[in-house]
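# Compute the structure for the input listed below.
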Amino acid sequence: MTKDMQFVFETFLEKLSVSVDEGDFRGALADVASRLDLLAFAYLSLPAGSNGKPMLISNYPALWTGRYLENRYQNVDPVIVRASYGKSPFRWGFDLKSFDLCGPQLRFFEEAAQFGICCGVTIPIIDRRGNFAAMTFAADKPDPAFFRVAERYEQGLPLIATCFHTFVRRRLSGDRIVDGVLLTPREYECLQWAAGGKSAPDIGCILEITRHTAAFHLGNVRKKLGVTTTKQAIARLAASGFRFTDKSASPAQLHRLPWREGSSPMAGEFSPSELMAAMRSIPLTRSDRTTCCCAVSRVGLRFASAFCPRRARQCFATLFGCCWKERLHLRIRASGKAAASRSI
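Take a look at the predicted model:
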């Protein structure tokens, strides 16, 4: 990242940090787009449910954006359809044959061209919660100069799109409305984990806050929803359409969340992505963490260190100590089972 790009990006983050409404976010995006000579932009975030309303933040003509939302063009927009299937930025408009368009999609492009939207670069965004969005920088004609500018900033544009999406979701998301009440991001997050059966101490471990802070947020949720128990708040959350989808034995960082009776971190019990979450505190490179996690997933904790980089073994042994092994052996001996061969 060049010094100029770094300055533009830092200024952009500063504007995002103080943005509180859609107008502020539009202004922040307009400022960074103008600095990069990409004047027309659109950010579209699709709702999780089929009945939700998409969020569109753009400087496109108001007549076009209103028509787009009213006619639900996001369902036929070839750019959005393609973005939903991939994670890499792509160009469009200079070769419509690559889209394999049907009649309604061709008419859509023709209609968009009437408002000066003929080509562009789109960055797909899929965050860790599975929310989908796309950011597009467009031009009124397939000018090679436009694509040269986009290519010049090809490394910075995905960062801009991701940061913008993160701030918008945090400040403007309507998903945090439960029974007509808007919860703060942390309150909603605590309630989500409570719906997954986690206690306040567990939620504290998962979110890396104290159990008292987790209980405080759940208390605020109960007050806002006008209920007396967390179970009643969870019922209100379920009635709003929320479904807890995490099926892992321990969705928290595994080194922080206490082991449950009867569970053992053996091979295959945790996916590499879950183990990666557990190992974020280890002072290793991402490549080394990935190697360690894949080794655990394949062969279990006892043999995994043999497949890890030498520089990672000490940290690995510190994180996954012998404490869980001792507990497992005690349970085996207490139950009288001759299953020691399965323990390690």
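
# List the residues that contact the nearest residue to L101 once chain neighbours are set aside.
The shortest distance from L101 to any non-neighbouring residue, by Cβ to Cβ, 6 or more residues apart in numbering, is to P78 (6.0 Å). For glycine as for every other residue, the C-beta is placed from the backbone atoms N, C-alpha and C. The neighbourhood of P78, defined by Cβ atoms under 8 Å, 6 or more residues apart in numbering, consists of 92, 99, 101, 105, 108-109.

# again with R35
Counting by Cβ under 8 Å, 6+ apart, R35 has contacts 8, 11.

# Which pLDDT value does the model give it?
At R35, the model reports a pLDDT of 93.

# quick one: which of the contacts of P78 is nearest L63?
Closest approach to L63 among the contacts of P78 (Cβ to Cβ): F108, at 15.3 Å.

# Check which residues of the helix or strand harbouring T166 are buried.
Here T166, judged by DSSP states H and E, is contained in helix 156-172. Across helix 156-172, burial judged by 16 or more other Cβ atoms under 10 Å covers 156-165, 167-169, 171-172.

# If we only consider those residues, which is nearest to E22?
Once Cβ to Cβ is applied, the member of those that ends up nearest E22 is L172, at 6.5 Å.

# separation between the closest one and P144?
For L172, the distance to P144 equals 36 Å [Cβ to Cβ, to the nearest Å].

# Likewise for I117?
Distance from I117 to P144, by Cβ to Cβ: 18 Å.

# Show me which of the two is the more surrounded one.
Ranked by neighbour count (other Cβ atoms under 10 Å), I117 and P144 place I117 first, with 23 against 8.

# Doesn't the more buried one belong to a strand?
No: going by DSSP: H, G, I helix; E, B strand; the rest coil, the assignment for I117 is coil, not a strand.

# now the nearest residue to it once chain neighbours are set aside, what's its secondary structure?
Once flanking residues are discounted, I117 sits nearest to A138: 5.0 Å by Cβ to Cβ, 6+ apart. Three-state assignment for A138 (three-state DSSP): strand.

# my read: A138 touches Y43, true?
No: between A138 and Y43 there is no contact under Cβ atoms under 8 Å: 11.9 Å.

# More neighbours: these two, which one.
More neighbours surround A138 than the other of A138 and Y43, with 25 against 21 (other Cβ under 10 Å).

# Give me the pLDDT value at that one.
A138 is given a pLDDT of 95.

# Now do the contacts for it.
40-42, 60, 93, 117-120.

# at 10 Å what do you get?
38-42, 58-60, 79, 92-93, 112, 115-122, 146 (Cβ atoms under 10 Å, 6 or more residues apart in numbering).

# now it: how far from T122?
A138 sits 9 Å away from T122, going by Cβ to Cβ.

# list residues touching both of those two?
In contact with both A138 and T122: 42, 79, 92, using Cβ under 10 Å, 6+ apart.

# so can I have CSV of the residues you listed showing neighbour count and secondary structure?
Shown next, in CSV, are the shared contacts of A138 and T122 (neighbours: other Cβ atoms under 10 Å; DSSP: H, G, I helix; E, B strand; the rest coil):
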residue, neighbour count, secondary structure
A42, 22, strand
V79, 25, helix
W92, 21, strand
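
# Out of those residues, which one has the lowest pLDDT?
Lowest confidence among these: W92, with 90.

# circling back to that earlier point, of the contacts of P78, which is the most crowded?
Busiest of the contacts of P78 [other Cβ under 10 Å] is W92, holding 21 neighbours.

# Let me see the contact set for the nearest residue to that residue once chain neighbours are set aside.
Among residues not flanking W92 along the chain, V79 sits closest, at 5.5 Å (Cβ to Cβ, 6+ apart). Shown in contact with V79 (Cβ under 10 Å, 6+ apart): 42, 44, 90, 92-93, 99, 105, 108-109, 112, 117, 120, 122, 124, 134, 136, 138.
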